[in-house]
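> whatever this is, show me its structure:
(one chain, ligands or ions: 1)
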Amino acid sequence: MRIGVDRSRCIGAGMCALTAPEVFDQDTGDGRVLTLDAAPEGAAAEAARRAVGLCPSGALSEVPPTRENRDRT
Ligand code: SF4
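Purely as a prediction, here's the structure:
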């Protein structure tokens, strides 16, 4: 899967980093999300999907596969 992140919408709630620490972290400066792995697989992908659903600001999304990124997801 591929993760989409809109940092401008992030409010620094930290649910993503708690839910999927292999995929997300928080900036120590402004508290906003940092992406550690934009194309997680396996258990990390499942955790990332949960984080997308838990994010209170809608900053995270799952990017649908396209012809361009299908082979990399
Ligand atoms: S859960 Fe959403 S609002 Fe909270 S830090 Fe992560 S991306 Fe930002």
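> pretty sure Thr19 sits against Ala47.
Yes: under the criterion of CB atoms under 8 Å, Thr19 makes contact with Ala47 at 5.9 Å. Using the backbone N, CA and C atoms, a C-beta is placed for each residue, glycine as well.
> quick one: residues contacting the nearest residue to Ala13 once chain neighbours are set aside.
Spatial nearest neighbour of Ala13, excluding adjacent residues (CB to CB, 6 or more residues apart in numbering): Pro56 at 5.3 Å. The contact partners of Pro56, by CB atoms under 8 Å, 6 or more residues apart in numbering, come to 11, 13, 15.
> just the buried ones from these?
Among the contacts of Pro56, those classed as buried by 16 or more other CB atoms under 10 Å are 13, 15.
> may I see the contacts of Pro56 organised as JSON lines, with distance to the ligand, secondary structure and pLDDT added?
Below are these laid out as JSON lines (distance: CB to the nearest ligand atom, whole Å; DSSP: H, G, I helix; E, B strand; the rest coil; pLDDT from 0 to 100):
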{"residue": "Ile11", "distance to the ligand": "5", "secondary structure": "coil", "pLDDT": "97"}
{"residue": "Ala13", "distance to the ligand": "3", "secondary structure": "coil", "pLDDT": "92"}
{"residue": "Met15", "distance to the ligand": "4", "secondary structure": "helix", "pLDDT": "96"}
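> what's the helix or strand for Ser52?
Ser isn't right for residue 52; it's Val. Assessed by DSSP states H and E, Val52 sits inside helix 42-54.
> where does the residue nearest to Ala13 sit: helix, strand or coil?
Following DSSP: H, G, I helix; E, B strand; the rest coil, we place Pro56 in the coil state.
> coming back round to it: give me the contact list for the helix holding Val52.
Contacts of helix 42-54 (CB under 8 Å, 6+ apart): 1, 3, 15-16, 19-20, 22-24, 37, 40, 60-62.
> how about stretch 61-68?
Counting contacts by CB under 8 Å, 6+ apart, the residues outside stretch 61-68 that touch it are 1-6, 48-49, 52, 69, 73.
> and of those residues, the nearest to the ligand?
Using CB to the nearest ligand atom, Val5 is the member of those that lies nearest the ligand, at 6.7 Å.
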